[in-house]
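[1] Provided below are the primary sequence and the corresponding predicted coordinates.
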Amino acid sequence: MSAEPVLIEPLPQHRLDERALFHRMAAELDDFSEPATVRQFQGGQSNPTYLIETPSRRFVLRKKPPGKLLPSAHMVEREFRVMRALEGTAAPVPRVRLLCEDEAVIGSAFYVMDHVDGRVLSDTALKDEPKADRRPIYENLARTLAALHRVDPASVGLSDFGKPENYVGRQIERWTRQYLAAKTEEIPAMDALMAWLPDHAPTTDETTIVHGDFRLGNMIYQRDGTGILAILDWELSTLGHPLSDLAYAALPWRLPPGGSMPGLMGLDCAAEGLPTEQEFLETYAKAVGRSDIPDWTFFLALSLFRLAGIAQGVYARALAGNAADRGAGRMGEVAKGAAMLGWHIANGG
């Protein structure tokens with residue numbers, strides 16, 4: 001599915017002071033002019049995102065959500081920094097234009113970037129795409145991830161963007177903490193993963209720039225092609241282990257079709273024009289220049305543990321009335337499903 005994004009009038013809890021916003025944009029952006037309109041994107045579950053349209057240009061604004069936020073979450077300042085650093089590299093990003101950390105303007109920190117005219121592919125099975133395009137779409141996803149991981153953090157000013165060691169251990173600690181802070185009911189599989197993951201972490205470490213939410217739905221593809229124009233949603237980016245990104249990108253092959261997180265499990269990939277998980281991994285490995293992908297079970301389980309932690313946080317915000325998307329209430333079931341699948345994979349499933 002590559003439908004146009006859903007745009008609505010800003011939700012009541014996400015309305016902006018448009019006069020203050022437009023005044024700031026006019027002061028800092030030579031190509032901003034009024035009249036301008038603001039609409040909110042639907043589909044994202046974290047930082048509220050808006051389309052700002054003027055007679056000659058379109059911009060996108062991302063801001064922190066309202067209400068009490070979990071520790072270290074919703075860092076729009078980090079999103080802005082990493083995208084600015086990656087401009088001009090082989091990792092495609094939107095052009096960021098303005099970062100405003102003055103909460104007095106619209107009530108929270110925000111940044112503005114250029115709108116990228118392309119399409120977002122939300123259906124992992126790519127049923128609406130020509131069969132001949134499906135494999136190239138996934139191959140470009142793998143190659144784009146490899147391009148990101150080949151960027152030397154120091155060469156783009158990101159050597160201090162995260163701690164270079166023990167990323168895996170810190171991820172386990174972080175998502176354990178975030179999950180417990182947002183917990184609304186018992187999920188036994190999460191408790192099991194919290195105990196299993198530290199005991200099965202890799203003994204060797206690797207460090208690259210990692211996106212943290214690298215998946216098909218966070219790419220902007222060409223309108224008439226299979227190339228990727230931009231990687232979106234850098235909220236979870238940091239320095240870390242590249243295989244954590246790869247495992248998250250490969251999750252569709254471990255998820256069944258249908259449900260809250262539709263995947264490719266059980267599909268005849270060859271018949272559908274799709275690569276298999278192994279072929280996806282091989283495309284990445286060749287593009288990034290590595291000969292093996294160790295600890296794969298661990299990284300898949302870690303990815304599902306993170307997904308469950310993220311979904312639980314969104315669900316808690318939905319219960320508090322602060323979620324960025326009207327469908328956030330279903331994320332409690334996503335949290336349970338991800339945790340159960342992660343524990344199944346950890347046990348050899």
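    Great, that's in hand.

[2] Break the chain down into its structural domains.
    In the assignment given by automatic domain parsing, the structural domains of the chain cover 6-114, 131-346.

[3] how about the helices in the stretch 1-150 of the chain?
    Secondary structure of the stretch 1-150 of the chain, counting by DSSP state H, counting those that start in this stretch: helices at 18-28, 76-86, 131-149.

[4] can you give me the end-to-end distance of stretch 320-340?
    As for stretch 320-340, its first-to-last residue distance stands at 25 Å under the measure Cα to Cα, to the nearest Å.

[5] same question, stretch 99-115
    First residue to last in stretch 99-115 (Cα to Cα) measures 15 Å.

[6] where does that stretch sit relative to the chain's centre, distance-wise?
    Shown here is stretch 99-115, whose average C-alpha point lies 20 Å from the average C-alpha point of the whole chain (Cα atoms, centre = their mean, to the nearest Å).

[7] who's in contact with it?
    Applying Cβ atoms under 8 Å, 6 or more residues apart in numbering, the external contacts of stretch 99-115 come out as 16-17, 20-21, 24-25, 29, 51-52, 57-66, 76-77, 79-80, 83, 94-98. C-beta coordinates here come from the backbone N, C-alpha and C atoms, glycine included.

[8] which parts of that stretch are buried?
    Residues of stretch 99-115 classed as buried: 99-100, 105-106, 108-113, 115 (neighbour count, 16 or more other Cβ atoms under 10 Å).

[9] Can I get those residues in TSV including distance to Arg174?
    Conversion of the buried residues of stretch 99-115 to TSV gives the following (distance: Cβ to Cβ, whole Å):
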residue	distance to Arg174
Leu99	24
Cys100	27
Val105	30
Ile106	28
Ser108	22
Ala109	21
Phe110	24
Tyr111	23
Val112	28
Met113	26
His115	32
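
[10] Can you identify the helix in the chain that spans the most residues?
    Secondary structure of the chain read by DSSP state H shows that its longest helix is helix 296-320.

[11] And that one, what does it pack against?
    The helices and strands touching helix 296-320, judged by 3 or more Cβ pairs under 8 Å, 6 or more residues apart in numbering; DSSP states H and E, are helix 167-182, helix 188-199, helix 242-249, helix 331-346.

[12] Mind listing what's buried along that helix?
    By neighbour count on 16+ other Cβ under 10 Å, the buried set for helix 296-320 is 296, 298-318.

[13] so who does the spatially most central residue of the chain touch?
    Taking Cα atoms, centre = their mean, the centroid of the chain lies closest to Asp213, which sits 3.1 Å from it. Counting by Cβ under 8 Å, 6+ apart, Asp213 touches 233, 235-236, 248, 310.

[14] Show me which pair in these is furthest apart.
    When Cβ to Cβ is used, the two most widely separated members of these are Glu235 and Tyr248, lying 13.6 Å apart.

[15] Need the residues touching each of those two.
    Both Glu235 and Tyr248 are contacted by 212-213, under the criterion Cβ under 8 Å, 6+ apart.

[16] so what's Glu129 closest to, chain neighbours aside?
    With sequence-adjacent residues excluded and distances taken as Cβ to Cβ, 6 or more residues apart in numbering, Glu129 is closest to Ile137, at 6.6 Å.

[17] distance of that neighbour from Leu145?
    When distance is defined by Cβ to Cβ, to the nearest Å, Ile137 is 13 Å away from Leu145.

[18] cool, and Glu186?
    From Glu186 over to Leu145 the distance is 35 Å, taken as Cβ to Cβ.

[19] The two: who's more crowded?
    Neighbour comparison, Glu186 and Leu145: the larger count goes to Leu145, with 29 against 7 (by other Cβ atoms under 10 Å).

[20] does the more buried one really touch Leu216, like I thought?
    No - between Leu145 and Leu216 no contact is recorded; they are 11.2 Å apart, counting by Cβ atoms under 8 Å.

[21] For the two, list the residues in contact with both.
    Contact with both Leu145 and Leu216 is made by residues Ala249, according to Cβ under 8 Å, 6+ apart.

[22] who's in contact with Phe80?
    96, 99, 111.

[23] Can you add pLDDT and distance to Tyr221 and give the buried residues of stretch 99-115 back as a markdown table?
    Written out in a markdown table, the entries for those read as follows (pLDDT from 0 to 100; distance: Cβ to Cβ, whole Å):
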| residue | pLDDT | distance to Tyr221 |
| --- | --- | --- |
| Leu99 | 97 | 27 |
| Cys100 | 96 | 30 |
| Val105 | 96 | 33 |
| Ile106 | 95 | 31 |
| Ser108 | 90 | 30 |
| Ala109 | 91 | 29 |
| Phe110 | 95 | 26 |
| Tyr111 | 97 | 23 |
| Val112 | 98 | 23 |
| Met113 | 98 | 18 |
| His115 | 98 | 15 |
